[in-house]
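Undergrad: got a predicted model here, sequence first, then my questions.
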Protein chains: 2
Amino acid sequence: MNVAILGFGVVGSGVAEVITKNSDSILKNSDVSLSLKKILDIRDFADSPFASLMTKNFEDIVNDDDIDIVVETMGGVNPAFDFAMRCLNKGKHVVSSNKELVATKGFELLEAARKNNVNFLFEASVGGGIPIIRPISRCLAGNRISEIAGILNGTSNFILTKMIVEGMSFADALALAQQLGYAEKDPTADVEGLDAMRKICILASLAFGSHVYPEGVYCEGISKITLSDVAYADSADCVIKLLARTRKLEDDKILVMVTPCLISKDSMLAGVNDVFNACLVRGDATGDVLMYGKGAGKLATASAVVGDVIDCAANDEKRKFFGWEAAKENCLASHLEADTALYIRAEKTDKALIDSTFGEVKYLSYDGCDEKEIAFVTGTAKEADLMGKLETAGIKVLSLIRVADY
Amino acid sequence: MNVAILGFGVVGSGVAEVITKNSDSILKNSDVSLSLKKILDIRDFADSPFASLMTKNFEDIVNDDDIDIVVETMGGVNPAFDFAMRCLNKGKHVVSSNKELVATKGFELLEAARKNNVNFLFEASVGGGIPIIRPISRCLAGNRISEIAGILNGTSNFILTKMIVEGMSFADALALAQQLGYAEKDPTADVEGLDAMRKICILASLAFGSHVYPEGVYCEGISKITLSDVAYADSADCVIKLLARTRKLEDDKILVMVTPCLISKDSMLAGVNDVFNACLVRGDATGDVLMYGKGAGKLATASAVVGDVIDCAANDEKRKFFGWEAAKENCLASHLEADTALYIRAEKTDKALIDSTFGEVKYLSYDGCDEKEIAFVTGTAKEADLMGKLETAGIKVLSLIRVADY
């Protein structure tokens, strides 16, 4: 089958490489013959081994009836959405690694795929080369998912690891991440949680069956975390990780949030360091299942894309039952309504006031901690109630981090 | 589609429960309508809600043309193999959770499935409810697997965890596992590594494309591990885990072995405790990917079986490209030919002799260790060479455990 690639960046060029290099083993293992026919990019790649396949005109691809499968690795919503829709409407399968596209336009693309009896697949959009989307949708088919928690952004996890293991400041760790090419010049999407938020929206949509849009999802990044927070967490046998979480509540509303969390060092998620990602899925039958690996990287992500391409080719005559329905109105729960425990670092406050405000709390300290501060972990209660108590008591909060239990 | 179950034990009754309880959500999520039609068991289940479906006669199932999918959860090779073959030859899909059957007869069953254009699937045979088989075969399709290492037996991992975390002796931990129902009266298959060996044979067959039979695979269990080994390992920042490993060597031979190993506490595998399982897959494109969860349990295993049943139903008209070829002759490498480092606990020996025998070694000690012993870790070399040196030097070995690097 003939494949075209939209966007010859890191992932797109990796896909070209994997398809070309592994075509023999793909044929042997999957009985699928893949041939790369065209590549769209506005840039010139005269010296590339794929130079003869390059085009700058999308019409060359969408109007080529010999192209069966289109890989979209451009990133962004425009023009990726328009291109993907036109390919689906022409009866071509589309495979995407673009989390922004899937998070914001997934339902429309899945609908178009349904109508045209083709596949729209996107394993690489979450977790790079780690199998996450397919295990959730297929292997857990006989299982009801109640909750997902993931470390889904390698850049922020790298920064936190440097802060935790080497005592680097946030600013120094970010600079190092940029120097190593893990973080972009403008690191906002990574360190403020937007990237992880798009990914957890995709997983929430898949797990709970209706589109969860990024708008309205509560999102906090790691830029305000200090080494003193890291040390207090350590004193409680915890580490701080940026968790993207989703959970179905009793009223069927869906809670989706991205925030730093304190998690116990005993948790499998606590051992996920550096640029590694992990995704924990809690099901009624399976209990907790965790998938772990490098969440990014040219060949890792490309291999996930090619896995989807093979799946399209092997099921060419038929669309897979896969995806989700339209968003439900008011389906999102507010994080303020959910139960949580909080880690608080505050300006020195009388313990009697804290005790009378929260009942039993656990006070934290470490060698060399600032005498002008106080840190503690509250019991579990509705977040809105805990916040209300903090305000009423006039406690001057310096850091507030949720405590998660995985 | 109509389903029959062979064997109404723990897993079989779990499958009946999941299919019945979740049929609505299965229809909604996968557009597959499943109906349980018959259950084979020689025992009486007059009080079961499924009593009306029970039969003691296999012919009632194999000759019923309305039955499309047969689930085999009997365990053992006979008569499971005969029954599965007859169902495949009658054009029925077969789903099995039986690792012994797949490890010893997988190729013949896959061949029969190919000939009859039906599926033979067995996700539940390794790792219970953890998705392992499908991610390896599908998601890693664009990826070359070089190595797999797994903690694939929950019982032995539970025992080791009790020894490591609570300082329990092997005998006490085994007795506790039996009391909790994690270990059988005759625990040989679990504690001597046979169960893990069957599972790693299945994964090796899948990853490297030709059947790897259990015969000739090197297998060592955990029954000889002492608390003193655990303490020496701890002093080297390591834990002892029973690892099932396979790796393709440079001469294309396949190394398969099950042995206790020292692994660094930093390894993701080191955090896999209690009855949990994990499987690490090393690929050329993806790097290390790890899948983790409860490796057993009625509903976890049943949900994996039902996932396969859904897959059969959704792809009814067509067999999936999945499986492996016939075994290659002399395909197994000897563990003695592979490179490894060794942890040795021996009767007190002059350090000068050890140094002159092995070059640089790392001596281990802990508070309260036995003065009449000596423990050390060698450098990496061919195992046969290290064993030869031990013998030549006349070192009286009390424990010998391989050091793994994941």
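TA: Good, I have the coordinates.

Undergrad: every contact and neighbour count from this point should use C-alpha atoms.
TA: OK.

Undergrad: and for the residue nearest to the spatial centre of chain A, nearest residue in space, chain neighbours not counted?
TA: Note on chain A: the residue nearest the mean C-alpha position is residue A:199, at 3.2 Å, using Cα atoms, centre = their mean. Excluding the flanking residues, the one nearest residue A:199 by Cα to Cα, 6 or more residues apart in numbering or on different chains is residue A:126, at 5.6 Å.

Undergrad: I figured the one you found hits residue A:134, correct?
TA: No - the pair residue A:126 and residue A:134 fails to qualify as a contact (Cα atoms under 8 Å) at a distance of 10.6 Å.

Undergrad: more neighbours, these two?
TA: residue A:126 (30 against 20; other Cα atoms under 10 Å in any protein chain shown).

Undergrad: for the more buried one, which residues are in contact?
TA: A:97, A:99, A:132-133, A:152, A:199, A:202, A:295 (Cα atoms under 8 Å, 6 or more residues apart in numbering or on different chains).

Undergrad: and residue A:213, by the same measure?
TA: Residue A:213 makes contact with A:103-104, A:201, A:327 under the criterion Cα under 8 Å, 6+ apart.

Undergrad: what strand or helix carries residue A:103?
TA: helix A:99-115 (DSSP states H and E).

Undergrad: I'd like the average pLDDT over the following helix or strand past that helix.
TA: Using DSSP H and E, the helix or strand that directly follows helix A:99-115 along the chain is strand A:120-121. Taken as a whole, strand A:120-121 has an average pLDDT of 96.

Undergrad: elements contacting the least confident helix or strand in chain A by mean pLDDT?
TA: Scoring the helices and strands of chain A by mean pLDDT, DSSP states H and E places helix A:23-30 at the bottom, with a mean of 82. Using 3 or more Cα pairs under 8 Å, 6 or more residues apart in numbering or on different chains; DSSP states H and E, the elements in contact with helix A:23-30 are helix A:298-314.

Undergrad: look up how far chain B lies from the residue of chain A most remote from its centre.
TA: Within chain A, residue A:352 marks the point farthest from the mean C-alpha position, 41.6 Å out by Cα atoms, centre = their mean. Using Cα to the nearest Cα, to the nearest Å, we find residue A:352 at a distance of 38 Å from chain B.

Undergrad: before we move on, the earlier item: now do the contacts for the residue nearest to the centre of chain A.
TA: Per Cα under 8 Å, 6+ apart, neighbours of residue A:199: A:99, A:103, A:125-126, A:152.

Undergrad: same check on residue A:137?
TA: Residue A:137 is in contact with A:206-207, A:322, counting by Cα under 8 Å, 6+ apart.

Undergrad: that one and residue A:322, how far apart?
TA: 7 Å (Cα to Cα, to the nearest Å).

Undergrad: and what of residue A:33?
TA: For residue A:33 relative to residue A:322 (Cα to Cα), the value is 24 Å.

Undergrad: and residue A:298, by the same measure?
TA: From residue A:298 to residue A:322 the distance is 26 Å (Cα to Cα).

Undergrad: got it, and residue A:9?
TA: 28 Å.

Undergrad: so where do the helices sit in chain A?
TA: Assigned helices in chain A, in chain order: A:10-21, A:23-30, A:59-62, A:80-89, A:99-115, A:133-134, A:154-166, A:170-179, A:188-191, A:194-208, A:227-235, A:298-314, A:351-358, A:383-393 (criterion: DSSP state H).

Undergrad: any idea which of the ones you listed scores lowest on pLDDT?
TA: Note on those: helix A:23-30 shows the lowest mean pLDDT, a mean of 82.

Undergrad: return the set of buried residues in that one.
TA: Residues of helix A:23-30 classed as buried: A:23, A:25-26, A:29-30 (neighbour count, 16 or more other Cα atoms under 10 Å in any protein chain shown).

Undergrad: and the angle for that helix with helix A:10-21?
TA: Relative orientation of helix A:23-30 versus helix A:10-21 (axes from the mean of the first three to the mean of the last three Cα atoms, to 10 degrees): 80 degrees.

Undergrad: orientation of helix A:23-30 relative to helix B:194-208 in degrees?
TA: 130 degrees.

Undergrad: can you list the residues of the stretch 201-350 of chain A near chain B?
TA: A:209, A:266, A:268, A:271-272, A:285-294, A:299-301, A:303-304, A:306-308, A:310-311, A:321-322 (Cα under 8 Å from any Cα of the partner chain).

Undergrad: let's see that with 7 Å instead.
TA: Applying Cα under 7 Å from any Cα of the partner chain, we find that the stretch 201-350 of chain A lies next to chain B at A:268, A:271, A:285-294, A:299-300, A:303-304, A:306-307, A:321.

Undergrad: re the thing from before, let me have the helices of chain A in JSON lines, extended by distance to residue B:377.
TA: Below are the helices of chain A laid out as JSON lines (distance: least, Cα to Cα, whole Å):
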{"stretch": "helix A:10-21", "distance to residue B:377": "40"}
{"stretch": "helix A:23-30", "distance to residue B:377": "40"}
{"stretch": "helix A:59-62", "distance to residue B:377": "60"}
{"stretch": "helix A:80-89", "distance to residue B:377": "55"}
{"stretch": "helix A:99-115", "distance to residue B:377": "47"}
{"stretch": "helix A:133-134", "distance to residue B:377": "42"}
{"stretch": "helix A:154-166", "distance to residue B:377": "26"}
{"stretch": "helix A:170-179", "distance to residue B:377": "35"}
{"stretch": "helix A:188-191", "distance to residue B:377": "42"}
{"stretch": "helix A:194-208", "distance to residue B:377": "42"}
{"stretch": "helix A:227-235", "distance to residue B:377": "31"}
{"stretch": "helix A:298-314", "distance to residue B:377": "34"}
{"stretch": "helix A:351-358", "distance to residue B:377": "51"}
{"stretch": "helix A:383-393", "distance to residue B:377": "51"}
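
Undergrad: related to what we said a few turns ago, between residue A:9 and residue A:322, which one's more packed in?
TA: In this view residue A:9 and residue A:322 are compared by other Cα under 10 Å, and residue A:322 has more residues nearby, 18 against 15.

Undergrad: for the residue farthest from the centre of chain A, give me its contacts.
TA: By Cα atoms under 7 Å, 6 or more residues apart in numbering or on different chains, no residues touch residue A:352.

Undergrad: now with 10 Å?
TA: By Cα atoms under 10 Å, 6 or more residues apart in numbering or on different chains, the contact set of residue A:352 is residue A:359.

Undergrad: next one: the one 3 residues further on
TA: Residue A:355 makes contacts with A:361-362, A:378, as judged by Cα under 10 Å, 6+ apart.

Undergrad: repeat that for 8 Å
TA: residue A:361.

Undergrad: distance of it relative to residue A:378?
TA: 10 Å.

Undergrad: do residue A:78 as well
TA: From residue A:78 over to residue A:378 (counting by Cα to Cα), the distance is 45 Å.

Undergrad: between those two, which is the more surrounded one?
TA: Shown here are residue A:78 and residue A:378; by other Cα under 10 Å, residue A:378 has more neighbours (21 against 10).

Undergrad: nearest residue to the more buried one other than its sequence neighbours?
TA: Nearest to residue A:378 is residue A:361, by Cα to Cα, 6+ apart, at 4.8 Å.

Undergrad: I'd guessed that neighbour sits against residue A:376; true?
TA: Yes - using Cα under 8 Å, residue A:361 is in contact with residue A:376, at 6.3 Å.

Undergrad: one step back: please compute how far the least confident helix or strand of chain A lies from its chain's middle.
TA: Computed by Cα atoms, centre = their mean, to the nearest Å, the chain-centroid distance of helix A:23-30 equals 30 Å.
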